[in-house]
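>>> Everything below, folded, please.
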Amino acid sequence: MTMDFQQARFNMVEQQIRTWDVLDQGLLDALLDLPRDGFVPDDFRQLAYCDTRIPLGNGQFMMHPRVEARMVQALNPAAGERALEIGTGSGYVTALLAHFARNVLTYEIDPALAALAQRRFRARAAVNITSIAGDGLSGAPTRGPFDVIAVTGALMRRSVELESQLATGGRLFAVVGQGHAMEALLVTRTSAQTYTVESLFETELEPLVGAEPIPRFAF
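Here you go, the predicted structure:
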């Protein structure tokens, strides 16, 4: 039996995302328009709209759809704004950001994932996305400042290096912590020297490559 992806997408928005305090109508419309099943590995297309984390290979996973949506809602990218994404992954969040922002610069350290995402962007004629296969852990200091920074893997702690690349009024989303003690944060730069930090929700996420916790050894 052929799956009705359009109905599944509607169910995802109404049953998973809207009920998790994602109420921005422009974002809900974008989620309904953007086919998430086009961004998942072929073997997992049937799960594209399920409340689960889909494996991408090499230990990488997509976020739950509701977490992706809460992240984009918190960042609130707007027309004319410049976005930076650390961790392209499947490219789905990238495409959501590009729907609203003027342009998106995205880094993916896994060459295979980066190449696959780039093919997806070309297929969608997403001309406002610049995709780079490389390590984005330090951001792109020579290309900023940015109005929006999305970090799609967990960090041990807040990144002063990334936060410094925000424009005044810019927003950064990151999941900070390790194990079962992870917190999604929205950091807003309010002036050249000051930031506000809002705790959004608790979640669990794989560490960003290069930001893994250092193992502790018992002697």
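>>> on contacts alone, who are the packing partners of the biggest helix by length in the chain?
Among the elements of the chain assigned as helix by DSSP state H, the one spanning the most residues is helix 111-123. If you count contacts as 3 or more CB pairs under 8 Å, 6 or more residues apart in numbering; DSSP states H and E, helix 111-123 packs onto strand 55-57, helix 92-100, strand 103-108, strand 129-133. C-betas here are computed from N, CA, C, even on glycine.
>>> Measure how it sits relative to strand 129-133, angle-wise.
160 degrees (axes from the mean of the first three to the mean of the last three CA atoms, to 10 degrees).
>>> what's stretch 54-63 in contact with?
Residues from elsewhere that reach stretch 54-63, judged by CB atoms under 8 Å, 6 or more residues apart in numbering: 39-41, 44, 47-48, 53, 68, 71, 89-90, 92-93, 110, 112-113, 152, 205-206.
>>> mind listing what's buried in it?
Under the neighbour-count criterion of 16 or more other CB atoms under 10 Å, stretch 54-63 has 54, 56, 60, 61, 62, 63 buried.
>>> May I see the buried residues of stretch 11-29?
Using 16+ other CB under 10 Å as the test for burial, stretch 11-29 gives 12, 13, 16, 17, 20, 22, 27, 28.
>>> Kindly check the end-to-end length of that stretch for me.
For stretch 11-29, the separation between the terminal residues is 13 Å (CA to CA, to the nearest Å).
>>> quick one: it to chain centroid distance?
Centroid separation for stretch 11-29 versus its chain: 16 Å, with CA atoms, centre = their mean, to the nearest Å.
>>> hang on, residue 147 in a strand?
Yes: following the definition DSSP: H, G, I helix; E, B strand; the rest coil, residue 147 is counted among the residues of a strand.
>>> mind listing what the nearest residue to it once chain neighbours are set aside touches?
By the measure of CB to CB, 6 or more residues apart in numbering, the closest residue to residue 147 outside its immediate chain neighbours is residue 81, 3.7 Å from it. With contact set as CB under 8 Å, 6+ apart, residue 81 has these partners: 100, 101, 102, 147, 148.
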